[in-house]
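> Got a sequence here, can you model it:
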Amino acid sequence: MNKFLPWTYLLLAILGAILPWQANLEFMHMNPGGGFDLQTFIQDANINAASRSLSRDLLIAASAFSIWIITEGRKLQIKGWWITLIISFSISFACGGPLFLYLRERKLMELISEQEQK
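Take a look at the predicted model:
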């Protein structure tokens, strides 16, 4: 098993928290009210065909991946798997998805280690 893979996922989770929020903060700064206007955000995310494509692609991928997180998290009994769903919706999917992969890789490494000790 690749020992660098979990750390790659963790790095991606960190970047997935920082980079989308840089854009979110820029959006909030540009908003006359200074806050996060969800209606305007959704309108902006659907302003042209390219942005609609990206928004729909993310919605479908995040939905499918979230279902997999639930089933895989329960199946492997990954501690804290549900936190990654909360992070996906409250911070960004770009953070929650890779964070789940990090937790999953750590769990798989733990299971392999247990099998080798038997």
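> from here on, contacts and neighbour counts on C-alpha atoms
Fine.
> any chance you could map the helices in the protein?
Along the chain, the segments classed as helices by DSSP state H run 5-30, 38-45, 49-76, 81-90, 93-117.
> any chance of these in a markdown table, with mean pLDDT and mean neighbour count too?
Output for the helices of the chain, formatted as a markdown table (pLDDT from 0 to 100; neighbours: other C-alpha atoms under 10 Å):
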| stretch | mean pLDDT | mean neighbour count |
| --- | --- | --- |
| helix 5-30 | 95 | 16 |
| helix 38-45 | 90 | 12 |
| helix 49-76 | 97 | 14 |
| helix 81-90 | 97 | 18 |
| helix 93-117 | 96 | 18 |
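> Distance of residue 11 relative to residue 101?
Remark: distance between residue 11 and residue 101 (C-alpha to C-alpha, to the nearest Å) = 11 Å.
> Please list the outside residues in contact with stretch 58-70.
81, 82, 85, 93, 97, 100 (C-alpha atoms under 8 Å, 6 or more residues apart in numbering).
> what's the second one in contact with, if anything?
Pointing back at residue 82 there. With contact set as C-alpha under 8 Å, 6+ apart, residue 82 has these partners: 70, 73.
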